[in-house]
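Visitor: coords please:
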Amino acid sequence: MRQPTAFTVLIGVLLVAGCGIGQRDAASTATPPVTAPPATTAPPAPTGTAFNPTDIAWLQLTVAMTERLLPVLDLVPARTTDPAWRQTATQVATTRRADLDRARRLLADAAAPTTNPHEGHDMPGMVTAPEMTALRAASGQSFHRLLAGHLRAHLAQSVRVATAEQQSGVQPATVALAAAVVRSGTTDLARLDHLDPG
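Guide: Here you go, the predicted structure:
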């Protein structure tokens, strides 16, 4: 019964993340919401500091979410002259890039597949292509409002799934990264609330 249990944990993390179940747009429903790896390629059951399926699923989701956020933050210098927003974007981007590097290294350590299982999925905390178009067209206060909404959604979802990893993950470096994501995400949300109380 170890394989079904591991599979259940993996699916549970992805469902917490909102991966493709019910809330997806019509264009993405042709693709199965979760492509689970065959049993032969699943990570081994945790032993010592081995990675369990929750660790792998969370790392993959963290990479996918961060790769969607960074292009949004890269827009900030061209879309606003407000120093507070620029500083916030720089701080968040610096932290997220460091987290992304750590997540990729851990996935490599786990010998996880290099493909992105969330490619094409529009999940909570991810900016869609139409939303990115709207961000590129906005500036000033309009841009601030859009940025605040997307940033808040990303940070809240990141904290949510990182908390799930802290509870169900087993690999110490991965759980430690999740703890760091919770701390930085909570701090960034507080900073964002100060900039955009609404």
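Visitor: all contacts plus neighbour counts: C-alpha atoms, from now on.
Guide: Noted.
Visitor: nearest residue to M132 in space, please, no chain neighbours.
Guide: Closest residue to M132 apart from its sequence neighbours, by C-alpha to C-alpha, 6 or more residues apart in numbering: V72 at 7.2 Å.
Visitor: which residue is nearest the centroid of this structure?
Guide: The residue lying closest to the centre of the chain (C-alpha atoms, centre = their mean) is M65, at 3.1 Å.
Visitor: OK, contacts around it?
Guide: Contacts here follow C-alpha atoms under 8 Å, 6 or more residues apart in numbering; on that basis M65 touches G125, M126, H154.
Visitor: for those, which one is nearest L195?
Guide: H154 (16.1 Å; C-alpha to C-alpha).
Visitor: buried ones in stretch 189-198?
Guide: Buried residues in stretch 189-198, counted by 16 or more other C-alpha atoms under 10 Å: L189, L192.
Visitor: got the contact list for that stretch?
Guide: If you take C-alpha under 8 Å, 6+ apart as the criterion, stretch 189-198 is touched by A84, W85, T88, R145, A148, R152, L155, A156.
Visitor: which of those count as buried?
Guide: Buried, going by 16+ other C-alpha under 10 Å: W85, T88, R145, A148, R152, L155, A156, out of the contacts of stretch 189-198.
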